[in-house]
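Peer 1: I would like to see how this sequence folds:
(one chain, ligands or ions: 1)
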Amino acid sequence: MTNDLAEKILVVTGGGAGFGEAFCATFAELGARIAILDVDMKAASRVAERVTASGGRSLVLECDVANEAQVEQAMGKVVDAFGGVDVLINNAALHLRKYNQPFHQLTRDEHRALLDVNVMGVINCTLSARAGFAARGGGAVINISSIGSYYCATPYGVSKLAVRGLTMAFAKDLAPERVRVNCIAPGLMATPAALADQGEIVFRDFVENRQLIKRRGEIDDVVNAAVFLASSRSGFMTGETLKVSGGYPLAI
Ligand SMILES: NC(=O)c1ccc[n+]([C@@H]2O[C@H](COP(=O)([O-])OP(=O)(O)OC[C@H]3O[C@@H](n4cnc5c(N)ncnc54)[C@H](O)[C@@H]3O)[C@@H](O)[C@H]2O)c1
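Peer 2: Numbering: from 1, shown residues only. From the prediction side, this is the model:
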């Protein structure tokens, strides 16, 4: 099978850690040029060094996805450096236990911050990437939602339901511009942040009692789905969400 990701231009928000880091490393191995957008410059620079060490090319940009001006500027720099955008992965988010509490446990400011990053961040980045997609004649957006979006009992779940809604809305908006928009809803996956936040006992409970597939969800499970959604192998798909969750919650 051919690798049609070589020479593609990939923008990853939250590229400094977890899934974001793995998207950058894997797509670079496939020959893509990578723009790493993050608020954490130390983390993003470390990922850039990893990309360079494996022979890849990358650009590090300090960017808070909630900040429209910063996003607009960052996308402009990507176009200046690489000539456009082929794939945008909207990965940056506020997540973990803090945002999975009942609504009344969070302050209004915390709700606003959550929605600014998880929802407005997707809107900001997708709209600002349009010029980059146009320069390349189209492209693909991959949004990272969560299995939590199907059980919206928490502020985080609601924010990630909005991400699935945005996937459908932008699929329609951007179809005339030849941009496909799809989404991944991961289950509980062993990123360092999730492992530290949830602990081994929660992971074990998911494997033993909540998933059909009796092993831990790994970062590469999500990366593989992203490679598929970025490539022409998913060329007839838009507006879709792929669950990557080991069959959760069919087991319960
Ligand atoms: N790990 C899981 O189990 C899991 C499950 C479902 C969905 N997700 C989703 O996957 C994505 C990544 O998860 P992860 O575990 O790799 O996260 P992580 O916390 O390890 O990494 C997130 C990265 O985003 C960056 N970031 C945070 N806010 C930002 C902002 N405003 N602008 C730019 N960058 C910002 C952080 O600095 C960090 O580098 C998130 O959208 C999360 O909601 C994760």
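Peer 1: correct me, but Phe170 touches Thr126?
Peer 2: Yes: assessed by Cβ atoms under 8 Å, Phe170 is found in contact with Thr126 at 5.5 Å. For every residue, glycine as well, the C-beta is placed using N, CA and C.
Peer 1: overlap of the contact sets of the two?
Peer 2: By Cβ atoms under 8 Å, 6 or more residues apart in numbering, Phe170 and Thr126 have these common neighbours: Val141, Val181.
Peer 1: what about the residue of the stretch 1-150 of the chain found nearest the ligand, neighbour count?
Peer 2: Going by Cβ to the nearest ligand atom, the ligand is nearest to Gly18 of the stretch 1-150 of the chain, at 2.0 Å. The number of residues packed near Gly18 is 21, by other Cβ atoms under 10 Å.
Peer 1: Gly20 versus the spatially closest residue to it that is not a sequence neighbour, what's the distance?
Peer 2: In space, and not counting its chain neighbours, Gly18 is closest to Thr191: 3.6 Å by Cβ to Cβ, 6 or more residues apart in numbering. Here Thr191 is placed at a distance of 9 Å from Gly20 (Cβ to Cβ, to the nearest Å).
Peer 1: the more surrounded of the two?
Peer 2: More crowded of Thr191 and Gly20, by other Cβ under 10 Å: Gly20, with 25 against 21.
Peer 1: contact partners for that one?
Peer 2: Val12, Thr13, Gly14, Ile36, Asp38, Val47, Ile89, Asn91, Ala92.
Peer 1: one more: Leu5?
Peer 2: Applying Cβ under 8 Å, 6+ apart to Leu5 gives the contacts Phe27, Leu30, Gly31, Ala32, Val87, Val227, Ala230, Ser231.
Peer 1: okay then, goodbye and thanks.
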